[in-house]
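Enquirer: I would like to see how this sequence folds:
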Amino acid sequence: MLNVHRVVGFWTTGSRIENLRRLLREKATVRMTREQYILATQQNNLPKVENAQLYPVGIYGWRKRCLYFFVLLLLVTMIVNLAMTIWILKVMNFTVDGMGNLRVTKKGIRLEGISEFLLPLYVKEIHSRKDSPLVLQSDRNVTVNARNHMGQLTGQLTVGTEGAVFGHSVETPHIRAEPSQDLRLESPTRSLIMEAPRGVQVRAAAGDFKATCRKELHLQSTEGEIFLNADTIRLGNLPTGSFSSSPSSSSTRQTVYELCVCPNGKLYLSPAGLGSTCQFSSSVCLWS
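Expert: Just a heads-up that it's a prediction; the model follows:
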């Protein structure tokens, strides 16, 4: 019994070893087959040496030179552009607050020094510092226009060599000339009217006051009087009437005259006599 079991156990062990060897041989065979398949596949994919053609990859020849030229030109352009930008910033004096004499503040735009405008300037308000005057200067005329919301011209001020020219009415509390200069108010083609609710005062402290017109000069006071206060009041170029009380008086030169007034307010002179002679020279009023 003991021998039988030993033979059976030995046989069983031998069969296991044989199975193990067979499995190893099968795995080796499968591995060799796989390697051969992979090797054969790689050999089929590789191009044949005798039929292979080499193609260059990249840019060569004149295309390469043109590309380098354009790259160099672009680099030079960028450098010149950067240099010009820096030069403009330096010349125009650009800063965080503005440029040159121009400063941008919370209250608006501030100009320091002398500034020149080549195109029209549209602003709401212009004023200078408290300790300096505001000067507007031009080689020709300085024109200031005022327009309404529709764009229509409502007022115009033009300063030229002859003075200031106003296109419409002007409201101002005071008009004066520079020291040692004459003040002249003139309207070449229209009427010149000065009016105020509490009166108009014309004063020449160190010179003469002269009012001339081509047609009529009206001095009108609706609720008061016209007061002329001077040492001498002269009315020139008044018409003179004719009156002769006696034949002998006509031969003598008349030196004394009487000032007469027509019903329409016209003034004329009449030769003075013992009494009033205005009624005898009233024919002057008929031609007025």
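Enquirer: Please count neighbours and contacts with C-alpha atoms only from this point.
Expert: Noted.
Enquirer: Name the residues of stretch 83-103 that come out as buried.
Expert: 99-100, 102 (16 or more other Cα atoms under 10 Å).
Enquirer: Can you pull out the low-pLDDT segments for the stretch 51-200 of the chain?
Expert: For the stretch 51-200 of the chain, residues meeting the criterion pLDDT under 70 lie at 51-57.
Enquirer: any idea where the helices of it begin and end?
Expert: 62-91 (DSSP state H, counting those that start in this stretch).
Enquirer: how does this structure divide into domains?
Expert: As assigned by automatic domain parsing, the chain contains the domains 1-49, 57-99, 236-244+252-288.
Enquirer: what about the strands in the stretch 51-200 of the chain?
Expert: Secondary structure of the stretch 51-200 of the chain, counting by DSSP state E, counting those that start in this stretch: strands at 98-99, 102-105, 108-111, 142-147, 153-160, 163-166.
Enquirer: Reformat those as JSON lines; add distance to Arg190.
Expert: Formatted as JSON lines, these follow (distance: least, Cα to Cα, whole Å):
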{"stretch": "strand 98-99", "distance to Arg190": "47"}
{"stretch": "strand 102-105", "distance to Arg190": "42"}
{"stretch": "strand 108-111", "distance to Arg190": "39"}
{"stretch": "strand 142-147", "distance to Arg190": "20"}
{"stretch": "strand 153-160", "distance to Arg190": "16"}
{"stretch": "strand 163-166", "distance to Arg190": "12"}
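Enquirer: ok, Asp231 to Asn237 distance?
Expert: According to Cα to Cα, to the nearest Å, Asp231 and Asn237 sit 20 Å apart.
Enquirer: cool, Glu195 as well?
Expert: 28 Å.
Enquirer: Please apply the same query to Cys260.
Expert: 14 Å.
Enquirer: the more surrounded of those two?
Expert: Using other Cα atoms under 10 Å as the criterion, Cys260 and Asn237 rank with Cys260 on top: 20 against 8.
Enquirer: quick one: that one and Cys278 touch, right?
Expert: Yes - using Cα atoms under 8 Å, Cys260 is in contact with Cys278, at 5.8 Å.
Enquirer: Give the residues shared as contacts by those two.
Expert: Here Cys260 and Cys278 share the contacting residues 269-270, scored by Cα atoms under 8 Å, 6 or more residues apart in numbering.
Enquirer: give me the element Leu269 is part of.
Expert: strand 267-271 (DSSP states H and E).
Enquirer: what residues does that strand touch?
Expert: Under Cα under 8 Å, 6+ apart, the answer for strand 267-271 is 238-243, 254, 256-262, 277-278, 281, 284.
Enquirer: Using CSV, write out the CA atom coordinates for it.
Expert: Taking C-alpha atoms only, strand 267-271 is exported to CSV below (Å, rounded to 0.1, in the frame of the first residue of the first chain):
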residue,chain,number,x,y,z
LEU,A,267,-34.3,177.3,-32.8
TYR,A,268,-33.5,180.3,-34.9
LEU,A,269,-32.0,183.8,-34.5
SER,A,270,-33.8,187.1,-34.9
PRO,A,271,-32.1,190.6,-34.8
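Enquirer: need the next SSE after it, C-terminal direction.
Expert: Next along from strand 267-271, by DSSP H and E: helix 283-286.
Enquirer: Which residues does that following helix contact?
Expert: So helix 283-286 is contacted by 239-241, 262-263, 266, 268 (Cα under 8 Å, 6+ apart).
Enquirer: Now do that helix: distance to the chain's middle.
Expert: 63 Å (Cα atoms, centre = their mean, to the nearest Å).
Enquirer: any idea which of the buried residues of stretch 83-103 is closest to Arg214?
Expert: Ranked by distance to Arg214 (Cα to Cα), those are led by Leu102 at 50.1 Å.
Enquirer: Hmm, Arg110 and that closest one touching each other?
Expert: Yes - proximity of Leu102 to Arg110 meets the contact threshold set by Cα under 8 Å, at 5.8 Å.
Enquirer: separation between the most centrally placed residue in the chain and Lys215?
Expert: Among the residues of the chain, the one closest to the centroid is Leu121, at 3.1 Å (Cα atoms, centre = their mean). Leu121 sits 41 Å away from Lys215, going by Cα to Cα.
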